[in-house]
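Visitor: give me coordinates for this.
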Amino acid sequence: MSQHDHFEEEEFDTQFNGQTVLRLIRQGLAHWPLMFGYLLAMLLTATMDGFLTFVSMRIIDEGILAGNAVLLNQLVIQYGLGLLLVAIGVMGFIFSAGRLGERVQYDLRKRMFARLQDLSLSYYDRTPVGWLMSRLTSDATRAGELVSWGFMDLVWGAASILISLVFMAMIDVRMMLILVAVVPILIVVSFRFKKKILVEYRDVRKTNSKITGAYNENITGVRVVKSLRREEGNLDDFRDVTRTMYRAGFRAAWLSALFLPVVQLISAVGVSSIVLYGGWQFQLGATTIGSIQAFIFYITFMLFPIQEMARVYAEMQQAIASGERIFSLIDAVPEIQDRPDAQPPPNLRGDIVFENVNFQYEEEKPVLRDFSLHVKQGETIALVGPTGAGKSTIVNLVCRFYEPSSGRILINGKDYTQWTLHGIHSRVGVVLQTPYLFTGSIMENLRYGRLDAADEDVVNAAKVAGAHEFIEELEDGYHSNVGEGGVLLSLGQTQLLSLARAILADPDVFVMDEATSSVDTLTEALVQDAMDAILARRTSFIIAHRLSTIRKADRILVIDDGRIAEQGNHAQLIRLKGHYYNLYTKQFRDERIGSAQPLLQPQKLVSA
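Guide: Take a look at the predicted model:
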């Protein structure tokens, strides 16, 4: 079950969102040479299409039927030159529109990714990965296609209609007016369908985010799914989500499918009216065969773009729904931002002080209550206590991943909001319980926090962390690929690399969040040796599950319900015989019993 099952994204108005369309157009105008190029090529193509039909009328009436060979040859040459210009125009608008679409997609993805770098952790806490992936992939693609091919079809359609009307007026104004009478009917029908199609496509895009999230969670957690035999249950949940998308997509497709035949039916009525009127005028001698043929061509030439515009308009609803979600991400405001006068800190050396800090992730659910703490420069602070007591919250506040709801945190006597976020984050080293490695080599991962580090510095950091030995045993050494998320390495090896990466960054403040809780005893010993070297002269915070790893801490804080229940070093707290004493002795007994089980088990088998 996903932690984001109850995530509800922003609901958008059911009306046509002109603001979104304008913002998408502005994305295209950032590359105005390409947009100008495809508009110019489109107008050239539409104009020449109309001109060729006019020339074909003259070929029939003034060349073939009149028997004028000289004029006929001239008109054929004009027709050939017109075809050449059409080919040039088509090539121009396809090239320009294709490049423009790719550039718009690139710009939108870059802006979204840049915004993701700025957003606070609280945004990621409440937003599913699938929602974000949909914005960066399918929604960006739809928006780019709207700015390029969608608007291209609309401009081409509008230009074709206007040019056809001009040439038809040159041939016969009365027949043109008959056709013009059909246009308002088409507009009314379009607006009737518009709202309903947009609503359904918004539901499709919204559900698509949930489907992407379900894909992501099931692929990422495939080992848990299989070990707990949750395949059928997950399939049922996925079936429910996809069924919702299917229904919304079916309704949207049905409306779109109905829209096009209605437009075609209305168009057929217009064509029939023109044919009847033109035939009557020909019998009266008021028009020519070439004029009627040209008029039918112009009708087709004009009504086909209307049908295409109807199709594009239906597809445009999907793109607008995508654009709304893209801009909702781009417009998201980080909850934690630098103050206007914030400066990068020279360093984070100095005492760290919590002054009457209160903090809550959700309204009316406090995690820390009037929390005060004074940590001296170079002091190692260990945090222990039950799950949910507030241990991780304390280190998250130190790292300024979050900020206090009230109260303040001082570093070297200054409120740390006076410093820039980047300046603080770059001087804090964090090693998490579940380490993460990026796809690439070991060398690239170790350099992640300090890109300009020399190879020698990387190797020294690995040696301090106890990782050098196993790295050298790999076939490609430091250039070995770690796989996605470090999947090609063991958990212990991944943790040692995470530790080496933090060491290489040379932070002023060091945080270890249950870094040894998921590793074997041998790896724990290596981590412990590395910690002794790392923590020297650095202010450090250690969240520990195995209490044996924090006995050397300068001070141990027992956190309970957002407050400090006990504090002191290991010996002092053992003598106190309070919460820490109970936790430590219980864990010690459990470990003794666990280590004795392999010895006791064979005796039970013999006695049986």
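Visitor: distance of G150 relative to G89?
Guide: 19 Å (C-beta to C-beta, to the nearest Å). For glycine as for every other residue, the C-beta is placed from the backbone atoms N, C-alpha and C.
Visitor: cool, and P386?
Guide: 73 Å.
Visitor: A46 - that's part of a strand, no?
Guide: No. Applying DSSP: H, G, I helix; E, B strand; the rest coil, one finds A46 to be helix, outside a strand.
Visitor: correct me, but it touches W156?
Guide: Yes. Between A46 and W156 there is a contact under C-beta atoms under 8 Å: 6.0 Å.
Visitor: compare G150 and G89 (neighbour count), which wins?
Guide: Higher neighbour count among G150 and G89: G150, with 24 against 21, using other C-beta atoms under 10 Å.
Visitor: any idea how the protein splits into domains?
Guide: 18-330, 343-427+548-595 (automatic domain parsing).
Visitor: run the chain-centre distance for the helix or strand where S267 lies.
Guide: Using DSSP states H and E, S267 maps to helix 231-283. Relative to its chain's centre, helix 231-283 lies at 31 Å (C-alpha atoms, centre = their mean, to the nearest Å).
Visitor: show me what that helix packs onto, helices and strands only.
Guide: On a contact count with 3 or more C-beta pairs under 8 Å, 6 or more residues apart in numbering; DSSP states H and E, helix 231-283 meets helix 173-180, helix 183-220, helix 289-330.
Visitor: any idea which of those helices is most buried?
Guide: Greatest average neighbour count among the helices and strands packed on helix 231-283 goes to helix 289-330 (a mean of 21), per mean count of other C-beta atoms under 10 Å.
Visitor: by how many degrees do that one and helix 173-180 diverge?
Guide: Angle of helix 289-330 versus helix 173-180, following axes from the mean of the first three to the mean of the last three C-alpha atoms, to 10 degrees, is 30 degrees.
Visitor: same question for helix 289-330, mean pLDDT?
Guide: Helix 289-330 shows a mean pLDDT of 77.
Visitor: and the helix or strand following it, which residues are buried?
Guide: Next in sequence after helix 289-330, counting helices and strands by DSSP H and E, comes strand 352-362. Buried residues in strand 352-362, counted by 16 or more other C-beta atoms under 10 Å: 352-354, 357, 359-360.
Visitor: columns distance to V487 and pLDDT on top of those, output as TSV?
Guide: Putting these into TSV (distance: C-beta to C-beta, whole Å; pLDDT from 0 to 100) gives the following:
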residue	distance to V487	pLDDT
I352	36	94
V353	42	94
F354	39	94
V357	39	93
F359	35	92
Q360	36	89
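Visitor: elements contacting the helix or strand where E472 lies?
Guide: Per DSSP H and E: E472 is located in helix 468-473. Judged by 3+ C-beta pairs under 8 Å, 6+ apart, helix 468-473 is in contact with helix 455-465.
Visitor: tell me where the model's unsure across the stretch 101-250 of the chain.
Guide: Scanning the stretch 101-250 of the chain for pLDDT under 70 picks out the ranges 187, 190-191, 194-195, 198, 201-202, 205-206, 209, 213, 215-216, 219-228.
Visitor: now the stretch 301-450 of the chain
Guide: 303, 306-307, 310-311, 314.
Visitor: contact partners for the closest residue in space to L573 that isn't next to it in sequence?
Guide: Distance criterion C-beta to C-beta, 6 or more residues apart in numbering; nearest residue to L573, sequence neighbours excluded, is Y580 at 3.9 Å. Residues in contact with Y580 (C-beta atoms under 8 Å, 6 or more residues apart in numbering) are 384, 547, 556, 558, 566, 573-574.
Visitor: could you give me the average pLDDT of the helix or strand containing Y580?
Guide: Using DSSP H and E, Y580 sits in helix 579-607. The predicted model gives helix 579-607 an average pLDDT of 60.
Visitor: kindly report the same for stretch 86-98.
Guide: Per-residue pLDDT values across stretch 86-98 average out to 88.
Visitor: what residues does it touch?
Guide: 34-35, 37-38, 40-42, 44-45, 48-49, 52, 148-149, 152, 156.
Visitor: ok, so of those residues, who is nearest L437?
Guide: S148 (38.0 Å; C-beta to C-beta).
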